[in-house]
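Predicted model follows, preceded by the sequence.
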Amino acid sequence: MVRKKIVAGNWKMNKSYDEGIALVEQLLDELDMDKVGETHVIISPPSVLLQPITELLMFTPGIAVAAQNCHQEESGAYTGEISARMIKSIDADAVILGHSERREYFKEDDSLIAKKMKAVLANELMVIYCCGESFEERKTGNHIAVVEKQLRTALADFSTKDAENIIVAYEPVWAIGTGEVATVQQAGEMHTHIRKVLADIFGDTSQNMSILYGGSVKPDNAAELFAHPDIDGGLIGGASLKSNDFMSIIYALSK
Ligand code: PEP
């Protein structure tokens, strides 16, 4: 297995039904799949758009669909939640887990995220596992230790077989939605460390695991970040809501 190059767009809580469909239709019209080449594209819309977008992309194998979260249980009295089994039942491909907004606003921690990850993998979906330090943690020089702890807590109970379906996204919290991107040196240092931790947990399989950078990736900084050998692509928030910006970022990885 070769390590995949991936650009994933996290729409967060943006786009109405019609706006979301229009954005995907524009991408389908304009994205040059020959130029995309080996790069895998993932779109992560809000829950109400998961099914129609999965259907729209049915004949475009280069573009996968991810949910932004799920509940750890398969079904039950959890008003407002959706399960991994439901996401699988509409043929979506992946689930983002542990995004910093879920950690901050919904108080999710790595032991809960690990339970969700179990549910996602049991349903034969991919996981995009997000980790990253706060501004305070970087300022005090604890960023490497913080991210290592997140990884070890969330991933400790998974097998090398599971690891084949886990994508890691390093997203420094201070860079998400702020316009303040990590430098290649900052991101690269962390990605190299993450790869070491993954090697410690999963052995050789870690070489095949994609590690994405997320945090204010834009068309004008993507190529420089993606040139680092341990940065295998990006998790894109704001810029994934504009088709031209998203396409430029995809092409920056495909080069
Ligand atoms: C994100 O939400 O995962 C993200 C990286 O957002 P942005 O690109 O807007 O910083």
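Thanks, I have it.

got the contact list for stretch 128-145?
Stretch 128-145 is contacted from outside by 8, 42, 44, 66, 94-100, 113, 117, 146-147, 150-151, 154-155, 166-174, 176, 189-190, 193-194, 212, 214-215, 235, using CB atoms under 8 Å, 6 or more residues apart in numbering. For glycine as for every other residue, the C-beta is placed from the backbone atoms N, C-alpha and C.

Quickly check: it near the ligand or not.
No. Using CB under 6 Å from any ligand atom, we find that stretch 128-145 stays clear of the ligand, coming within 6.9 Å at best.

buried sites along stretch 49-64?
For stretch 49-64, the neighbour count (16 or more other CB atoms under 10 Å) marks 49-51, 53-54, 56-57, 63-64 as buried.

Equivalent analysis for stretch 184-203, please.
184, 186-191, 193-195, 197-198, 201-202.

for the protein, where's the lowest mean pLDDT among helices and strands?
In the chain, the helix or strand scored least confidently by mean pLDDT, DSSP states H and E is helix 33-36, which has a mean of 94.

The helix or strand following it pairs with which strands, parallel or anti?
Of the helices and strands lying after helix 33-36 in sequence (DSSP states H and E), the nearest is strand 40-44. Sheet pairing of strand 40-44 (DSSP bridges) gives strand 6-10 (parallel), strand 63-67 (parallel).

okay if I get those as TSV plus mean pLDDT and distance to the ligand?
Compiled in TSV, these are given as follows (pLDDT from 0 to 100; distance: least, CB to the nearest ligand atom, whole Å):
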stretch	mean pLDDT	distance to the ligand
strand 6-10	98	5
strand 63-67	98	12
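
Buried deepest among these, which one?
Comparing the strands paired with strand 40-44 by mean neighbour count (mean count of other CB atoms under 10 Å), strand 6-10 comes out on top with a mean of 26.

Report the buried residues of the host helix or strand of Tyr251.
According to DSSP H and E, Tyr251 maps onto helix 243-254. Within helix 243-254, the residues scored as buried using 16+ other CB under 10 Å are 243, 245-254.

so what's the closest residue to Val36 other than its chain neighbours up against?
In space, and not counting its chain neighbours, Val36 is closest to Ser254: 5.4 Å by CB to CB, 6 or more residues apart in numbering. Counting by CB under 8 Å, 6+ apart, Ser254 makes contact with 5, 35-39.

biggest separation within those, which pair?
Farthest pair in the contacts of Ser254 (CB to CB) is Lys5 and Lys35. Separation: 13.1 Å.

now whichever residue of the chain sits closest to the ligand: how far from Ile43?
With CB to the nearest ligand atom as the measure, Gly237 is the residue of the chain nearest to the ligand, at 2.1 Å. Distance of Gly237 to Ile43, computed by CB to CB, to the nearest Å: 13 Å.
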